[in-house]
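>>> Give me a model of this one.
(one chain, ligands or ions: 2)
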Amino acid sequence: MTNNTRKISILGSTGSIGGSTLSVIDENPQYDIYALTALKNVDLLFQQCKKYKPKIAVVGSDEAAVEFTTLLTSSDLNITVLVGEAGLIEAASNSEVDIVMAAIVGAAGLESTLAAVTSGKRLLLANKESLVMTGDLLKQAALQSGAEILPIDSEHNAIFQCLPVALDSLNRRENSFIRKVVLTASGGPFLNTPLEQLASVTPEQACRHPKWSMGRKISVDSATMMNKGLEFIEACYLFDLDCSQVEVLIHPQSIVHSMVHYGDGSVIAQMANPDMRIPIAYGLAWPQRINSGAAALDLTAQEPLQFSAPDLSRFPCLRLGIEAAQERGSAPAVLNAANEVAVEAFLAGEIGFTEIPLIIEAVRSKIPCEATPSLAIIQDLDREARRLSNELISKELFQWASV
Ligand code: NAD
Ligand code: MG
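Numbering: from 1, shown residues only. Ligands and ions are numbered 1, 2, ... in the order given. The predicted structure follows:
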């Protein structure tokens with residue numbers, strides 16, 4: 001092991017981003033794994049531990065810990081097993097750790113993401129929900145601790161790559177002459193589905209993304225385009241942009257990952273095959289570049305690249321995301337909570353696809369926006385939004401099911 005070895009904790013290592021991160025690390029032995037974490041997939045976590053020999057492993061419950069410890073005792077591995085939020089916070093903040101990959105899905109990633117930032121780590125931010133919930137607080141914490149927040153979401157990573165090299169105090173690139181940024185969106189599996197069929201699409205259809213292979217929650221978010229709504233909010237926070245400076249374009253080929261328009265009329269875009277190993281490698285090595293293992297882009301083998309404006313009547317979740325970005329304060333956290341509950345209910349077969357935005361809009365209208373909420377207020381509102389969403393779903397279940 002050389003002095004250049006950097007220690008990394010991968011929060012959510014058994015997920016899609018977690019697996020891609022390990023695959024980049026396979027190509028780059030200068031990274032050493034400190035911690036791996038999973039909610040309940042102990043078999044995969046154990047396989048990963050055998051290969052990467054982390055110092056600690058974190059699981060989501062006492063039952064998972066018992067199961068995992070049984071597997072460990074049958075091996076010669078010496079790994080400390082921790083449980084739940086306290087374990088995730090330890091993995092994110094231990095002084096041995098240099099880099100934290102935040103790849104847990106949803107608000108469950110919030111506290112560990114915050115812990116990585118307050119303890120001054122390089123944070124590779126895949127868990128967009130934590131930034132959406134607490135954008136201003138997360139940025140303030142990074143300013144105080146000196147943490148680097150590097151976006152892993154492919155669009156924001158693309159924008160980061162297209163920004164000038166000069167850095168501000170948050171290690172973000174200077175954004176003074178930016179006219180606007182354009183977030184590209186594939187449009188998901190239902191871009192051209194007749195509108196009247198959307199009410200009856202199944203979770204399996206919603207999760208069959210045409211370009212990316214991802215976890216189920218973000219796949220549904222891509223199908224509703226709430227994913228782009230969350231990314232709109234993410235872009236405003238990450239790059240200090242006004243909503244009027246962020247635009248969304250449908251680009252079904254997913255080759256241009258986003259672009260930056262400058263005041264002189266120049267537009268700089270980042271292109272690559274749709275492969276999350278590329279933004280992950282960039283985040284790990286920035287400001288250098290390392291091998292990601294991704295295939296080279298062959299533009300001659302591509303279908304023509306197309307761009308068009310999104311249809312907000314087809315994708316009401318995108319409109320809801322943009323509205324929450326405009327309102328700021330606690331609005332994005334409430335949006336996020338209602339969306340998480342609605343997506344889970346859709347995946348469980350409890351509501352239809354087109355009911356997702358109805359629930360979110362109803363919850364948003366019932367919870368007034370706090371302009372500068374503390375973390376405690378955000379967490380309260382998150383709970384309240386979840387409670388209301390669940391109430392709406394259970395009350396109206398019969399009515400919806402019979403339509
Ligand atoms: P996934 O469902 O494949 O994996 C989620 C991981 O988080 C798993 O390791 C799971 O064990 C863990 N986890 C889930 N709930 C947990 C909980 N309550 N406590 C602790 N751990 C928990 O999800 P993914 O597709 O890898 O996405 C992860 C994050 O990255 C999401 O925020 C998503 O929006 C973002 N993201 C993903 C992609 C992608 O290509 N998959 C692209 C951009 C951004
Ligand atoms: Mg994205």
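
>>> gap between the closest residue to ligand 1 within the stretch 101-250 of the chain and Ala337?
The shortest separation between the stretch 101-250 of the chain and ligand 1 is 2.6 Å, found at Gly215 (distances taken as C-beta to the nearest ligand atom). In this view, the C-beta of every residue, glycine as well, is placed from N, C-alpha and C. Taking C-beta to C-beta, to the nearest Å as the criterion, Gly215 is separated from Ala337 by 18 Å.

>>> Among these two, which residue is more densely surrounded?
Shown here are Gly215 and Ala337; by other C-beta atoms under 10 Å, Ala337 has more neighbours (28 against 17).

>>> Which element, helix or strand, includes the more buried one?
Assigned by DSSP states H and E, Ala337 belongs to helix 331-347.

>>> next helix or strand past that helix?
Once helix 331-347 ends, the next helix or strand along the chain (criterion: DSSP H and E) is helix 355-366.

>>> in that following helix, what counts as buried?
By neighbour count on 16 or more other C-beta atoms under 10 Å, the buried set for helix 355-366 is Glu355, Ile356, Pro357, Leu358, Ile359, Ile360, Glu361, Val363, Arg364.

>>> what's the last one in contact with, if anything?
What it means is Arg364. Taking C-beta atoms under 8 Å, 6 or more residues apart in numbering, we find Arg364 in contact with Leu320, Glu323, Ala324, Ala331, Val334, Leu335, Ala338.

>>> For the buried residues of helix 355-366, name the two members farthest from one another.
When C-beta to C-beta is used, the two most widely separated members of the buried residues of helix 355-366 are Glu355 and Arg364, lying 14.7 Å apart.

>>> So Leu198 is in contact with Phe190, correct?
Yes - the pair formed by Leu198 and Phe190 meets the contact definition of C-beta atoms under 8 Å, at 6.2 Å.

>>> Compare those two and say which one has the larger neighbour count.
The neighbour comparison of Leu198 against Phe190 (other C-beta under 10 Å) goes to Phe190, with 20 against 16.

>>> just to revisit the earlier point, mind checking how far the residue of the stretch 101-250 of the chain closest to ligand 1 is from ligand 2?
Taking C-beta to the ion, to the nearest Å as the criterion, Gly215 is separated from ligand 2 by 12 Å.

>>> Likewise for Ala325?
With C-beta to the ion as the criterion, Ala325 and ligand 2 are 15 Å apart.

>>> what's the neighbour count on Asn41?
Asn41: 17 surrounding residues under other C-beta under 10 Å.

>>> now Leu39
Each residue near Leu39 was counted by other C-beta under 10 Å, and the total is 18.

>>> tell me, what's touching Leu198 and Phe190 both at once?
In the contact map built from C-beta under 8 Å, 6+ apart, the residues linked to both Leu198 and Phe190 are Arg314.

>>> Looking at the stretch 51-200 of the chain, which residue is nearest ligand 2?
The nearest approach of the stretch 51-200 of the chain to ligand 2 comes at Asp153, 4.1 Å away (C-beta to the ion).

>>> if I pick that residue, what's in contact with it?
Applying C-beta under 8 Å, 6+ apart to Asp153 gives the contacts Leu125, Ala126, Lys128, Glu231, Glu234, Pro279.

>>> pLDDT (mean, whole number) over the lengthiest helix in the chain?
Using DSSP state H to define each element, the chain has its longest helix at helix 375-401. Predicted confidence along helix 375-401 averages 86 (mean pLDDT).

>>> And for stretch 110-125?
For stretch 110-125, the per-residue pLDDT averages 98.

>>> does ligand 2 sit close to it?
No - residues of stretch 110-125 contacting ligand 2 under C-beta under 5 Å from the ion: none, with a closest distance of 11.4 Å.

>>> Check stretch 186-206 too.
No - with C-beta under 5 Å from the ion as the criterion, ligand 2 is not reached by stretch 186-206; the gap is at least 9.4 Å.

>>> then that stretch to PDB, C-alphas only?
Taking only C-alpha atoms (Å, rounded to 0.1, in the frame of the first residue of the first chain), the coordinates of stretch 186-206 have been written out as PDB:
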ATOM      1  CA  SER A 186     -34.000  10.600 -21.600                       C
ATOM      2  CA  GLY A 187     -37.700  10.900 -21.100                       C
ATOM      3  CA  GLY A 188     -37.800   7.400 -19.600                       C
ATOM      4  CA  PRO A 189     -39.900   4.500 -20.700                       C
ATOM      5  CA  PHE A 190     -43.100   6.400 -21.200                       C
ATOM      6  CA  LEU A 191     -41.900   9.300 -23.400                       C
ATOM      7  CA  ASN A 192     -44.100   8.200 -26.300                       C
ATOM      8  CA  THR A 193     -46.700   6.000 -24.500                       C
ATOM      9  CA  PRO A 194     -50.300   7.200 -25.300                       C
ATOM     10  CA  LEU A 195     -51.400   9.400 -22.400                       C
ATOM     11  CA  GLU A 196     -54.500   7.300 -21.700                       C
ATOM     12  CA  GLN A 197     -52.400   4.200 -21.100                       C
ATOM     13  CA  LEU A 198     -50.300   5.800 -18.400                       C
ATOM     14  CA  ALA A 199     -52.800   5.100 -15.600                       C
ATOM     15  CA  SER A 200     -52.400   1.300 -16.100                       C
ATOM     16  CA  VAL A 201     -48.700   0.900 -16.500                       C
ATOM     17  CA  THR A 202     -47.100  -1.600 -14.200                       C
ATOM     18  CA  PRO A 203     -44.000  -1.200 -11.900                       C
ATOM     19  CA  GLU A 204     -42.100  -3.600 -14.100                       C
ATOM     20  CA  GLN A 205     -42.800  -1.400 -17.200                       C
ATOM     21  CA  ALA A 206     -41.900   1.700 -15.200                       C
END
